[in-house]
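[1] below: sequence and its predicted model.
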Amino acid sequence: MASNKFSVCLTFDFDAMSAWVGTVKTQNPSMISRGEFGAVAVPRILDILKRHRVLSSFAIPGHTAYAYPDLVKMIRDGGHEIVHHGWVHENPADFDEAGERNILERGFTALHQTAGVRPVGYRSPAWDVSKRTIGLLREFGIEYDSSFHGNDFSPYYLRDGDSWSLDEPYVFGHTTDLVEVPIAWHLDDFPHMEFVPGFSTSIKAPSEVEEIWRGDFDWGYENVPGGMLDITMHPQVMGRGHRLLMLERLIRYFAGHDGVAFETLGAVASRWKVSNPPVTVRAAR
């Protein structure tokens, strides 16, 4: 990733109600209403990104696109990337192959009908995947993914066909041409800042989260030239006033370092792939 000393990807999963319906599977209208705040927060976040001239990637389920088409268009018109994020924030592993393919198709259809876009990137809801997911993403023409944890500051190519058991050694599958822009739970705002019984039961002060995110940035910036940091946020979480103040502090902090660029996931993945052709990587392995 030649031209920048370090890239920062500020990404937003605009789940709205879908996370509570699809992942949490609640029938509680009050809990579902927590997702509605995401629609309140998106314009606030877009305003901050515009003022600081930051381009971002928004992962949007099809369910959200139909609920808030004007906001999806607003995101698109702001020059931000739209990433495929499932249909209703469901776990792909809960479905058979036909069901998982249907989820991908419905997500594509919703984003095309509401905003006229066909994403080249994918982020799985809650970062859950099945053993078929990588093959299906390639079949649908997805160029990069952002759902795996196999590195921290460097993209890499995903494998397909890994196998494992309790009795035998781990078996690595074949390296594909699907680029991974890696993520991590500690770089996600949800487990730090959102209370969900049985999942996330503490609400940290923004200063604590800011310390963690700054720390990872500092280490990557000094030790991984040409690397990147992928931070995952949710409008319904980050859109609260005290957290927006943290977001602006972080943007200023990152921008204050020489050679830092704010980029979309797609831009990072595309440039990395040019510098690391799949054939060369396979030969090295």
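    Structure's in. What do you need? Numbers count the residues shown, from 1 in each chain.

[2] now do the SS call for residue 204.
    Assigned with DSSP: H, G, I helix; E, B strand; the rest coil, residue 204 falls in the coil class.

[3] residues touching it, list them.
    Applying CB atoms under 8 Å, 6 or more residues apart in numbering to residue 204 gives the contacts 192, 193. In this view, the C-beta of every residue, glycine as well, is placed from N, C-alpha and C.

[4] beta partners for residue 9?
    residue 230 (DSSP bridges).

[5] right, and it touches residue 269 too?
    No - judged on CB atoms under 8 Å, residue 9 makes no contact with residue 269 at a distance of 9.8 Å.

[6] now do the shared contacts for the two.
    Shared contacts of residue 9 and residue 269 (CB under 8 Å, 6+ apart): residue 181.

[7] give me the buried positions along stretch 147-161.
    Across stretch 147-161, burial judged by 16 or more other CB atoms under 10 Å covers 147, 148, 152, 153, 154, 155, 156, 157, 158, 159, 160.

[8] closest to residue 206 out of those?
    Nearest to residue 206 out of those is residue 152 (CB to CB; 22.2 Å).

[9] pretty sure that closest one contacts residue 183?
    No - with contacts counted by CB under 8 Å, residue 152 stays clear of residue 183, the gap being 9.5 Å.

[10] before we move on, back to that, report the two of the buried residues of stretch 147-161 separated the most.
    Pairwise over those, using CB to CB, the maximum falls at 153 and 160, 23.6 Å.

[11] tell me how far residue 239 lies from residue 197.
    Distance, residue 239 to residue 197, using CB to CB, to the nearest Å: 22 Å.

[12] same question for residue 54.
    Taking CB to CB, one finds residue 54 at 34 Å from residue 197.

[13] okay, these two: which has more neighbours?
    A direct count of neighbours by other CB atoms under 10 Å for residue 54 and residue 197 places residue 54 higher, at 19 against 8.

[14] next one: phi and psi at the more buried one?
    Here is the backbone geometry of residue 54 (degrees, to the nearest 10): phi -110, psi 130.

[15] could you number the chain from 25 rather than 1 from now on?
    Sure, I'll start numbering at 25, so the last one becomes residue 78.

[16] nearest residue to it other than its sequence neighbours?
    residue 286 (4.3 Å; CB to CB, 6 or more residues apart in numbering).

[17] where do the strands sit along the stretch 175-309 of the chain?
    180-184, 198-204, 251-257, 284-286 (DSSP state E, counting those that start in this stretch).
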